[in-house]
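S.K.: missing the sequence, but the structure's below:
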């Protein structure tokens, strides 16, 4: 991955990340946020994957139904946020819409994607520290504005 801070100061930084071929995107984004100590931010991304997995949250089982995309696909849209997770580190929450060769799409909660040939991520750190907390009654972690 190549990364550059393009603007900002200690309170609000803006980065462009360009991921390399074969990088796993979700892990790379989380690792970058950890390295830069980003505990609040938003992101958008576009590019392509050789394969990816998105998920659909099933409230009955409280798990993600994995939707495998086992072919080259375009990242038509990826949007998300970064907040502090229960472990104290950055926790990315990203949704993606992936375009397939026949023009159809797959989308959902972004779980993983192998970059091919690139993924360009625009990441904006917020001055506010965000905290994501597990909501046992829902089975998911959501940003908690009461902290």
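M.R.: Cool, got the structure. Treat the numbers as computed from the prediction; the structure is a model and nothing was measured.
S.K.: mind listing the helices for this protein?
M.R.: Using DSSP state H, the helices of the chain run over residues 25-35.
S.K.: any idea which residue sits dead centre in it?
M.R.: For the chain, residue 94 is the residue whose C-alpha lies nearest the centre (Cα atoms, centre = their mean; 3.6 Å).
S.K.: Looking at the protein, which residue reaches furthest from the middle?
M.R.: What lies farthest from the middle of the chain is residue 102; by Cα atoms, centre = their mean that is 25.1 Å.
S.K.: Show me which positions of the lengthiest strand in the chain end up buried.
M.R.: With secondary structure taken from DSSP state E, the chain has its longest strand at strand 105-125. Across strand 105-125, burial judged by 16 or more other Cβ atoms under 10 Å covers 106-116, 119, 121, 123-125. Every C-beta, even on glycine, is put in place using the N, C-alpha and C of the backbone.
S.K.: quick check: angle from that strand to helix 25-35?
M.R.: Angle of strand 105-125 versus helix 25-35, following axes from the mean of the first three to the mean of the last three Cα atoms, to 10 degrees, is 10 degrees.
S.K.: wait, doesn't the residue nearest to the centre of the chain sit right on residue 42?
M.R.: No - using Cβ atoms under 8 Å, residue 94 is not in contact with residue 42; the gap is 10.3 Å.
S.K.: Find residues that contact each of these two.
M.R.: Residues touching both residue 94 and residue 42 (Cβ atoms under 8 Å, 6 or more residues apart in numbering) are 79, 80.
S.K.: picking up where we left off before, centre of the chain versus the longest strand of the chain, how much separation?
M.R.: In terms of Cα atoms, centre = their mean, to the nearest Å, the centre of strand 105-125 is set 6 Å apart from its chain centre.
S.K.: again with stretch 82-100
M.R.: Taking Cα atoms, centre = their mean, one finds stretch 82-100 lying 4 Å from the centre of the chain it belongs to.
S.K.: What of stretch 8-27?
M.R.: Counting by Cα atoms, centre = their mean, stretch 8-27 is centred 10 Å from the centre of its parent chain.
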